[in-house]
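K.L.:
give the three-dimensional model of this entry:
(4 chains)
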Number of protein chains: 2
Amino acid sequence: MEDKEYIHIHEDVVAQVQSRLPEEAKLYDLAEFFKIFGDTTRIKILYVLLQQEMCVLDIALLLGMTQSAISHQLRVLKTMQLVKFRREGKTILYSLSDSHIENILNQGMEHISEEE
Amino acid sequence: MEDKEYIHIHEDVVAQVQSRLPEEAKLYDLAEFFKIFGDTTRIKILYVLLQQEMCVLDIALLLGMTQSAISHQLRVLKTMQLVKFRREGKTILYSLSDSHIENILNQGMEHISEEE
DNA sequence: ATTACTTATGAATAAATGTTCATATATTTT
DNA sequence: AAAATATATGAACATTTATTCATAAGTAAT
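P.N.:
Prediction:
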């Protein structure tokens, strides 16, 4: 056995599937996007903002977490453009930047609710 | 100042939002669910299986990764019920277990494709 | 039964990630 | 200008997670 050949492999099918695959960078970005939803704190923040524009301290109080922890996570959400914000006096009010987000949350919620 | 009072806080609104929030466990599960999509390798595997039922070694070849790495990730996908499998002789063929998955992938892909 | 092939798994390592703590920045009020 | 309020941030620490390596387990063929 010279190199290591896997006899069973159907190179034609593999090649075809590969050619139809979205480009690497796109799949990477997609994973990065979903990664945002893969944290309990961020999910909670999103669900809060789904209902109500709110400031950092209120969210922290509501979730029983520190201001710092929430602020760090809001930064992630802000960077990834999932939330926007506006200043009102001393406080900064955060809200969802996009109604798309709601669809994705609902779709996921629907899925996990259908499990046996 | 006795304890630490945040004057700005609107406890009524906070309480209302909190009462309408899905239960803790549900939000945790949702985050766990999205976490699955938050990895490039798993995203790639899902996109492959979206097109074609396929075995471990073929996927590994197609993605240029080791058999072991793919097998480990397939286990995650299997545990979370995103893929199912059937045996055919020596090989095991994996496929998506649910058409819901495709919707979620599409929704995400749509979102990241709309960015400026 | 022995060999070959395919998949699964456990332990180890490296990398990524979330929270905390301390502190900086920014705005308003006095 | 100084004090108070609200938010942001950097470093450190602990935890999680993905891959690799070696090997076990299961199936088929000789």
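
K.L.:
how about low-confidence regions in chain A?
P.N.:
Residues of chain A that meet the criterion pLDDT under 70 lie in A:1-9, A:115-116.

K.L.:
spell out which parts of it neighbour DNA strand D.
P.N.:
Residues of chain A lying close to DNA strand D by Cβ under 7 Å from any atom of the strand are A:55-57, A:67-68, A:71-72, A:74-75, A:85, A:90-93. Every residue, glycine included, has its C-beta placed from N, CA and C.

K.L.:
just the buried ones from the residues you listed?
P.N.:
The neighbour-count test (16 or more other Cβ atoms under 10 Å in any protein chain shown) marks A:Cys55, A:Val56, A:Leu57, A:Leu74, A:Phe85, A:Leu93 as buried among those.

K.L.:
quick one: stretch A:66-80 near DNA strand C?
P.N.:
Yes: interface with DNA strand C: stretch A:66-80 contributes A:Thr66, A:Ser68, A:Ala69, A:His72, A:Gln73, A:Val76 (Cβ under 7 Å from any atom of the strand).

K.L.:
mind listing what's buried in the host helix or strand of A:Phe85?
P.N.:
Per DSSP states H and E, A:Phe85 falls inside strand A:83-88. Neighbour-count burial for strand A:83-88, counted by 16+ other Cβ under 10 Å, picks out A:Val83, A:Phe85.

K.L.:
which SSE is immediately downstream of that strand?
P.N.:
strand A:91-96.

K.L.:
now do that next one against strand A:83-88, angle only.
P.N.:
150 degrees (axes from the mean of the first three to the mean of the last three Cα atoms, to 10 degrees).

K.L.:
which helices and strands sit right next to strand A:91-96?
P.N.:
Using 3 or more Cβ pairs under 8 Å, 6 or more residues apart in numbering or on different chains; DSSP states H and E as the contact test, the elements touching strand A:91-96 are helix A:40-51, strand A:54-55, helix A:56-63, helix A:67-79, strand A:83-88.

K.L.:
pairing partners for it, with directions?
P.N.:
Paired with strand A:91-96 in the same sheet, following DSSP bridges, are strand A:54-55 (antiparallel), strand A:83-88 (antiparallel).

K.L.:
and the residue of chain A nearest DNA strand D?
P.N.:
Closest contact between chain A and DNA strand D, by Cβ to the nearest atom of the strand, is at A:Cys55 (3.0 Å).

K.L.:
just give me how far stretch A:100-116 sits from the chain centre.
P.N.:
Chain-centre distance of stretch A:100-116: 13 Å, with Cα atoms, centre = their mean, to the nearest Å.

K.L.:
OK, contacts around A:Val14?
P.N.:
By Cβ atoms under 8 Å, 6 or more residues apart in numbering or on different chains, the contact set of A:Val14 is B:Asp58, B:Leu61, B:Leu62.

K.L.:
what's the closest non-adjacent residue to it?
P.N.:
Of all residues not flanking A:Val14 in the chain, B:Leu62 sits nearest, at 5.0 Å (Cβ to Cβ, 6 or more residues apart in numbering or on different chains).

K.L.:
surely the one you found and B:Tyr47 touch.
P.N.:
No: using Cβ atoms under 8 Å, B:Leu62 is not in contact with B:Tyr47; the gap is 10.4 Å.

K.L.:
quick one: contacts of stretch A:69-83?
P.N.:
Against stretch A:69-83 from outside (Cβ under 8 Å, 6+ apart): A:32-33, A:36, A:39, A:41-42, A:45-46, A:49, A:56, A:59-60, A:63, A:84-85, A:94-98, A:101, B:115.
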